[in-house]
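Participant: fold the following.
(chains A and B)
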There are 2 protein chains.
Amino acid sequence: MLTADFTLIHARELVCITSTPTDSKPWRGSDLSSLGIISDGALAARGGRIIWVGRTDELTRHVQPTSNPTEIDATGRVVTPGLVDAHTHPVFPAARADEFALRAAGKTYQEIAQAGGGIANSVSRTHSASTPDLERLARQVADRMLAGGTTTAEAKSGYGLNRDDELRMLRVIRSINEHHAIEWVPTAMPAHEVPAEFRSNPDLYVTLVMEEILPAIAAAGLAEFNDVFCEAGVFNRSQSQQIQTRARELGFGLKFHADELSDQGGAELAAAMGAISADHLVYISESGIAAMAKSETIAVMLPGTAYYLDLPRRPPVRRMIESGLAVALATDCNPGSNMTESMPLAMNQACVLYKMSPAEALVAATWNAACAIGRADRIGALAPGRQCDLVVWAVGDHRELAYHYGVNLAVAVIKKGRVVRS
Amino acid sequence: MLTADFTLIHARELVCITSTPTDSKPWRGSDLSSLGIISDGALAARGGRIIWVGRTDELTRHVQPTSNPTEIDATGRVVTPGLVDAHTHPVFPAARADEFALRAAGKTYQEIAQAGGGIANSVSRTHSASTPDLERLARQVADRMLAGGTTTAEAKSGYGLNRDDELRMLRVIRSINEHHAIEWVPTAMPAHEVPAEFRSNPDLYVTLVMEEILPAIAAAGLAEFNDVFCEAGVFNRSQSQQIQTRARELGFGLKFHADELSDQGGAELAAAMGAISADHLVYISESGIAAMAKSETIAVMLPGTAYYLDLPRRPPVRRMIESGLAVALATDCNPGSNMTESMPLAMNQACVLYKMSPAEALVAATWNAACAIGRADRIGALAPGRQCDLVVWAVGDHRELAYHYGVNLAVAVIKKGRVVRS
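Facilitator: Numbering: from 1, shown residues only, chains lettered A, B, ... in the order given. So this is what the prediction gives:
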């Protein structure tokens, strides 16, 4: 008999995603056959870990409660793993609604960046922002993520672009981790943009990143991954490779902003370097698809950004899935190119714009996203041994999570066996 | 000295939209110069009506409180009129997530309709749904509208398609009006689709609508407007004209689903018949634009539906605005072609997809939407004499309402001077 301090019963659909907790491989291919749905499902946890899942009528044969357990009746509801947002920039000093208005007036993202807006806008404001202000705003982002069902998110620096401000951003991320119910997985991104003062000689900044900024971040133990924006006018392929080679030496896992606004061979580079993920991929080429299909690198798709920037091209997501790539989803939450914290919205956008099925979108937003941020051992699925991160939704069919959009359908959000939003 | 039972102070931006309550003309043209924003704004109301607006430091010179007033401190916040959703189908028996999944798999809306899905799907389920179930689901829709800042919405029947079920739907709408804080403006829509049993002879159904259903609705006093789906395979232009001629005789204002999926001359017909609005207009022609520009008919744009159905064409909204058309916004909230209750999302979609400015989107979602549903005398702006419907938003710049999307930024929703959500 197991003893549980958390039980959930009568889920109309308990969407487990996978029932084999030792299997840490992402879903790939177009034969997504099962979400591991248990009808009238129940789940028990203890100390923040799942100890049992099954049918409600079997619960009491296997599980007895502690004296004061948390009990949730999910009658009529869908229950899923907590959503995982595999790519965000959640620490920033201010909104950039002015740039949004300029895009509505017909300016492109690149034109706005060339006029001093874009990432540089957030960078200069980050330099002058106080750390308490950055923390306060980051907490609001974390609150909105959690309210929408996201229990874990990758979180990048990248608006500092110098040693001290990159460290400061990563400390804000650590502070959220320590004082907020959400988990943020830290990624360093000093190579998010070339700072204004290095525009005439970007290689000098590349050297600074390699010799000073990344070593300082590694020494402080503040990030698990390093990400580079490999793009025309930002860091070219050779610079990206240099930076990531150094990052790997320093012990970081590798992520890439790859082929977002043009084909730079970023997908190929990410696959060749054994990156855990290549993200964006709007302009991925056939050779990029082929390279990623043969690799372990996960494609993190950000349909919201392509929507928000109203990009003229759609990435060949069906072709990618059919070619065997593992696809994860993320919001790209950031103040310039996609100001939203909502993973359910990203799922809707993946279905509408990229023709992913609602089931594919759900796996991409949980299990595959967990794989894309190095958490395949712990989250993204509901199975014994895994962390008790889950969401109770005000729907009776998991497809409605992508179908019914723009409103918050989460009625309870549970992190490590504790109700953190209801 | 005025006496107020409701005061709001210190709004960073009090967005009044218009300061002339006697002016009931919609905004038109591309010279939107002012939203009537008052910095550090204050507002006072009594008995659900606004009695004063101005700067906070002037409030006490003009207004004294009653003994137990409602007081809101909106420091740092934007305050706008309650949002007005000018086109919704909020009474339906069930989700249609299965059709959403089929579209993600590549089927078009028309293909799904031809296979027995689409509106016919909701119609057959409406016939078998109990009235309490319809009311319960409609209440959930109304709750989500209100939570997102919509204080008034137009609400159509149209899943009944026979006298009794159309009347039943309109009674559900009346019931929401009587028992819920939101206001729903009722529109009859027996000509939403040709019922399956009339497929071989649609004119028979046209006759039924004109001779039986519309007269019954008029006699019961259950609707202010009548709407017709003028579209290939639904009601052609001649049938639409016959139905609307009869509706006008019966005292209904006229609305049209016009040129949504193909150019049917619907815009021209709506303008010629003096309709209060022509809605959708994705395929509006140059002659349709010219006809509407010379008329009083308001163009209700539904960017969410075009997004959700992933239509290959975008309506020429900038051209429409520059030609002098009055443009309003709506969600089209319905279980088939746009399952969302969120007007802020519609504002975002209008900016991203239709290149409306955030200010244009806000006017289209308040003042022009009020004009499009016959409420220009009462709502859609903040001025003395108008109803005290307003929303306090967790943003400091009105452009952020469209910019920051997919999450609920409404921190307080006030209807007739009463806090109905906070």
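Participant: right, is whichever helix or strand A:Ala346 is part of up against chain B?
Facilitator: Using DSSP states H and E, A:Ala346 falls within helix A:343-354. Yes: under the criterion of C-beta under 8 Å from any C-beta of the partner chain, chain B is reached by helix A:343-354 at A:Pro344, A:Leu345, A:Cys351, A:Val352, A:Leu353. To be clear about C-beta, it is placed using only N, CA and C from the backbone, and glycine gets the same treatment.
Participant: repeat for stretch A:407-421
Facilitator: Yes: using C-beta under 8 Å from any C-beta, stretch A:407-421 reaches chain B at A:Val407, A:Asn408.
Participant: how close does A:Ala291 sit to A:Pro315?
Facilitator: Using C-beta to C-beta, to the nearest Å, A:Ala291 is found at 15 Å from A:Pro315.
Participant: the lowest-mean-pLDDT helix or strand in chain A packs against which elements?
Facilitator: Within chain A, no helix or strand scores below helix A:109-114, which has a mean of 88 by mean pLDDT, DSSP states H and E. With contacts taken as 3 or more C-beta pairs under 8 Å, 6 or more residues apart in numbering or on different chains; DSSP states H and E, helix A:109-114 sits against helix A:97-104.
Participant: list the contacts of the helix it packs on.
Facilitator: A:109, A:112, A:117-118, A:121, A:309-310, A:336, A:339, B:351-352, B:355-358, B:397, B:399-400, B:402-404 (C-beta atoms under 8 Å, 6 or more residues apart in numbering or on different chains).
Participant: where does chain A dip in pLDDT?
Facilitator: A:19-23 (pLDDT under 70).
Participant: report back the residue of it that's furthest from centre.
Facilitator: Computed with C-alpha atoms, centre = their mean, the residue of chain A farthest from its C-alpha average is A:Arg61, at 37.7 Å.
Participant: now do the host helix or strand of that one: distance to the chain's middle.
Facilitator: Taking DSSP H and E as the definition, A:Arg61 sits inside helix A:56-62. Centroid separation between helix A:56-62 and its chain, computed with C-alpha atoms, centre = their mean, to the nearest Å, is 35 Å.
Participant: packing partners of it?
Facilitator: Checking 3+ C-beta pairs under 8 Å, 6+ apart, helix A:56-62 ends up next to strand A:2-15, strand A:37-46, strand A:49-55.
Participant: mind redoing it with 6 Å?
Facilitator: If contacts are counted by 3 or more C-beta pairs under 6 Å, 6 or more residues apart in numbering or on different chains; DSSP states H and E, helix A:56-62 sits against strand A:2-15, strand A:37-46.
Participant: who touches the shortest one?
Facilitator: Where contact means C-beta atoms under 6 Å, 6 or more residues apart in numbering or on different chains, the residues beyond strand A:37-46 that reach it are A:4-9, A:11, A:13-15, A:51-56, A:59, A:63, A:388, A:417.
Participant: now the residues you listed: which count as buried?
Facilitator: Buried by 16 or more other C-beta atoms under 10 Å in any protein chain shown: A:4-9, A:11, A:13-15, A:51-54, A:56, A:59, A:63, A:388, A:417, out of the contacts of strand A:37-46.
Participant: can you give me the distance of the most centrally placed residue in chain A to chain B?
Facilitator: In chain A, the C-alpha nearest the mean C-alpha coordinate belongs to A:Ala86, at 1.6 Å (C-alpha atoms, centre = their mean). Distance of A:Ala86 to chain B, given as C-beta to the nearest C-beta, to the nearest Å: 17 Å.
Participant: ok, that residue - contacts?
Facilitator: A:Glu154, A:Val300, A:Ala328, A:Ala330, A:Ala369, A:Ala372, A:Ile373.
Participant: 7 Å instead?
Facilitator: Applying C-beta atoms under 7 Å, 6 or more residues apart in numbering or on different chains to A:Ala86 gives the contacts A:Glu154, A:Ser277, A:Val300, A:Ala328, A:Leu329, A:Ala330, A:Ala369, A:Ala372, A:Ile373.
Participant: near chain B, which residues of chain A?
Facilitator: Chain A comes close to chain B at residues A:95, A:97, A:100-101, A:104-106, A:144, A:148, A:307-308, A:310, A:339-342, A:345, A:351-352, A:355-358, A:397, A:399-400, A:403-408, as judged by C-beta under 7 Å from any C-beta of the partner chain.
Participant: filter the residues you listed down to the buried ones.
Facilitator: Buried among those (16+ other C-beta under 10 Å): A:95, A:97, A:100-101, A:104, A:144, A:148, A:307-308, A:339-342, A:345, A:351-352, A:355-358, A:397, A:399-400, A:403-408.
Participant: buried stuff in stretch A:137-157?
Facilitator: Buried-residue list, stretch A:137-157, by 16+ other C-beta under 10 Å: A:137-139, A:141-157.
Participant: what about it, how long is it end to end?
Facilitator: 14 Å (C-alpha to C-alpha, to the nearest Å).
Participant: try stretch A:152-165
Facilitator: Start-to-end, stretch A:152-165 (C-alpha to C-alpha) is 24 Å.
Participant: what are the contacting residues of that stretch?
Facilitator: With C-beta under 7 Å, 6+ apart, stretch A:152-165 has contacts from A:82, A:84-92, A:122-123, A:126-127, A:145, A:166, A:168-170, A:173, A:182-190, A:192-193, A:195, A:212-213, A:216, A:227, A:373, A:375, A:379, A:389.
Participant: give me the subset of the contacts of helix A:97-104 that lies in helices.
Facilitator: Among the contacts of helix A:97-104, DSSP state H puts A:Tyr109, A:Ile112, A:Asn121, B:Cys351, B:Val352, B:Pro358, B:Glu400, B:Ala402, B:Tyr403 in helices.
Participant: for A:Ala291 and A:Pro315, indicate the residue with more neighbours.
Facilitator: Taking neighbours as other C-beta atoms under 10 Å in any protein chain shown, A:Ala291 and A:Pro315 compare with A:Pro315 leading, 23 against 20.
Participant: hmm, A:Gly288 and the more buried one touching each other?
Facilitator: No: counting by C-beta atoms under 7 Å, A:Pro315 does not reach A:Gly288; the two are 10.1 Å apart.
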